[in-house]
Structures are given as C-alpha cells and as structure tokens.
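*Asks:* Predicted model and sequence below, questions to follow.
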Amino acid sequence: MQPHTLEAYALHVRAGTFAAVQDVSATFPAGVFTAVIGPNGAGKSTLLRALLGLSPPERGEVRLLGRKLADWPRSERARTLAYLAQGEALPETAQVRDVVALGRGAGAWRWGLIPARPWTDADESAVTDALTRTDTLRFEHRRVSELSGGERQRVSLARALASQPRFLLLDEPTNHLDLAYALDVIRYVRCEVAGGLGVVAVLHDLNLAARADALVLLHEGRVLAAGPPEEVLTPALLHTAYGIHAQIIRHDGRLVVLPQDGVQGV
Ligand SMILES: Nc1ncnc2c1ncn2[C@@H]1O[C@H](COP(=O)(O)OP(=O)(O)OP(=O)(O)O)[C@@H](O)[C@H]1O
C-alpha cells in the first residue's frame, strides 16, 4: 500500500455481461503522467471509470492515497479525483468562468447531489488559478459557443483543475483536436504533473502517449505491459496488441512509432 498513489488491485470489472477488465493491477503515482493505451475495446475507459468509482469492480479494489476508494466520502473523493470524460459537452450558452466554477461543486449543489455551501474567496481564487494555468483567463467572459474545439478542451481542463484534485483522469483528451491543440493539452498536463498532480490519460495516439512518463498497455481487458515508454512501445508488444508491424525510432530524445501501412503490415 502506497500513500501517494491511485492503485488498482486485481480488478475485475463487468460492462454489461462482458468481462471488460480482468485481473488488472496497476499503480498510478502522484507527480507522474501515465498513459493508458491499447486497441479499441481493450477496456481502457472501463478501467478509468473503475478508478473513479463510477464502475464498481466485481472483484479486486481501488485504493486512493492508501485508503480503499469505497471508504472515501463521496464529496471528498470527487474533490481528490477529477475526471474529464470522453467528448464531454459543455453548456453552450454559459460563460467560460461560470463553467470553470462548476469544478468547485457549484453544479452538484444546483442538482442537489451534495449540500450547498457558501461560495468563498478560496473558491474564487481556485477558479482564477485554474483559468490562468490553462491560459483561458483571457477569454473568461466569452460564451462556450464562441470557442474553438481546442479552447473548449482547455476550459474542460480548467474546470477539472478548479477542484484542486490530487489525480486527474482524462479519457481521450486529444480526440478531435488538431496536432497543435493536442500537443497543447499534453503541455498543460505536463505542467500540472511537474506540480505534483497524478495524471492518468487514455490516449489513442501512440506518439502522444510516448510523451508520458509511464504507459499501461491493455489488451483484451488485461495488462499486457506496463512501464516506461521504451519498455512498452516495442514492435513485439504493438504487434500483439494492435496486430500491426511498427518501427520504433528515437528522434530528439523521443520515441516515435512508425506503423507500416495497414493492419498486419499489409
Ligand atoms: N454496457 C456494455 N455492455 C456490454 N459490453 C460493453 C459495455 N460497455 C463496454 N462494453 C465492452 O467492453 C469492452 C471494453 O470497453 P471499453 O469502452 O472499456 O474499451 P476501450 O478500450 O475504452 O475502447 P475504445 O478505445 O474503443 O474507446 C468492449 O469490448 C466493449 O464493447
């Protein structure tokens, strides 16, 4: 048991009747950017939801900062673990600052999920801080409908950071973003990780995943490999997981995955 980690122990999680995650153990430390990779249907989103307590495991358990996730009071757990779901929609007519304020729980009060409490100076400064760190403060009064896809994703990130979480879980945060915006997201994430945040991100782009500190490669619901990118991004493992033939090269100190044309290298 490690105090500064989010951990999965021998997790089995069902999605409907399907065993989507099977016997998965993995450790996600604070101050580390871990990317969860694997082909479609490998169980990545299911694992993320189990780590958040949204999909209760059939067997095994999740531990957050050394304490069983199930033993955490709901509101404390929600503050400690922030989540950015896949393709999450933002309220189109709301102003950016108000959207980020939802990260302080304002939405949950409004919907009656947790008791309302007075809005404080600490809330206000956490919102300003999250806006500043994601470079969204300059358009805090714009409406969501006036933002580009990349700007929206930064606002979503700001909303998640506003709760000042210890861990941030992101499900395909670079989906539908062009390369510049995708790199932006990774850059903002890296800054937060340098400040001690633990980040777990499901990523499909292996060349973005190569920028993480650690990778967990899922295949058919199980961990096929875990460790630093150079240990996980190997031709043999990528062939087993994705059925592709790929070359891995190092450029400017970074790993680059070069798949050959077509699945099975056709
Ligand atoms: N409600 C459900 N009922 C039945 N099967 C499900 C359900 N939800 C997910 N699954 C199945 O569980 C498996 C894992 O799904 P999951 O979404 O976790 O995979 P993933 O790795 O995130 O996939 P993708 O990369 O396509 O998003 C898939 O085969 C999926 O079809």
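*Replies:* Ah, there it is.
*Asks:* Pull the distance from stretch 165-178 to the chain's centre.
*Replies:* Relative to its chain's centre, stretch 165-178 lies at 4 Å (CA atoms, centre = their mean, to the nearest Å).
*Asks:* List the buried residues for stretch 244-252?
*Replies:* Across stretch 244-252, burial judged by 16 or more other CB atoms under 10 Å covers 244-246, 248. Quick note: C-beta positions are derived from backbone N, CA and C, even for glycine.
*Asks:* In strands only, show me those.
*Replies:* Assigned to strands by DSSP state E, the following of the buried residues of stretch 244-252 qualify: 246, 248.
*Asks:* want to throw the buried residues of stretch 244-252 into JSON lines with pLDDT and distance to L84?
*Replies:* Compiled in JSON lines, those are given as follows (pLDDT from 0 to 100; distance: CB to CB, whole Å):
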{"residue": "I244", "pLDDT": "92", "distance to L84": "28"}
{"residue": "H245", "pLDDT": "93", "distance to L84": "33"}
{"residue": "A246", "pLDDT": "93", "distance to L84": "28"}
{"residue": "I248", "pLDDT": "94", "distance to L84": "29"}
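*Asks:* beta partners of V24?
*Replies:* Here V24 sits in beta bridges with L11, as judged by DSSP bridges.
*Asks:* who are the neighbours in contact with it?
*Replies:* 8, 10-12, 43, 47, 60, 218, 221-223 (CB atoms under 8 Å, 6 or more residues apart in numbering).
*Asks:* Of the residues you listed, which is the nearest to the ligand?
*Replies:* Nearest to the ligand among these: G43, at 4.5 Å, using CB to the nearest ligand atom.
*Asks:* show me the contacts for that closest one.
*Replies:* Going by CB under 8 Å, 6+ apart, G43 touches 13, 20-22, 24, 218, 220-222.
*Asks:* Please list which of those residues are also close to the ligand.
*Replies:* Subset of the contacts of G43 in contact with the ligand: A20, counting by CB under 6 Å from any ligand atom.
*Asks:* Now secondary structure too, for the contacts of G43, in JSON lines please.
*Replies:* Formatted as JSON lines, the contacts of G43 follow (DSSP: H, G, I helix; E, B strand; the rest coil):
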{"residue": "V13", "secondary structure": "strand"}
{"residue": "A20", "secondary structure": "strand"}
{"residue": "V21", "secondary structure": "strand"}
{"residue": "Q22", "secondary structure": "strand"}
{"residue": "V24", "secondary structure": "strand"}
{"residue": "L218", "secondary structure": "strand"}
{"residue": "E220", "secondary structure": "coil"}
{"residue": "G221", "secondary structure": "coil"}
{"residue": "R222", "secondary structure": "strand"}
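*Asks:* Make CSV out of the contacts of G43 and add distance to I186 and pLDDT.
*Replies:* Below are these laid out as CSV (distance: CB to CB, whole Å; pLDDT from 0 to 100):
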residue, distance to I186, pLDDT
V13, 27, 96
A20, 27, 94
V21, 25, 97
Q22, 29, 97
V24, 24, 98
L218, 20, 98
E220, 27, 96
G221, 27, 96
R222, 27, 97
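*Asks:* buried subset of the contacts of G43?
*Replies:* For the contacts of G43, buried by 16+ other CB under 10 Å: 13, 20-22, 24, 218, 221.
*Asks:* Can you list the residue ranges for helices in the chain?
*Replies:* Secondary structure of the chain by DSSP state H: the helices cover 44-52, 74-80, 96-101, 106-110, 121-133, 149-161, 179-194, 206-209, 229-232, 235-242.
*Asks:* How far off centre is the third one?
*Replies:* Relative to the chain's own centre, helix 96-101 is displaced by 20 Å; criterion: CA atoms, centre = their mean.
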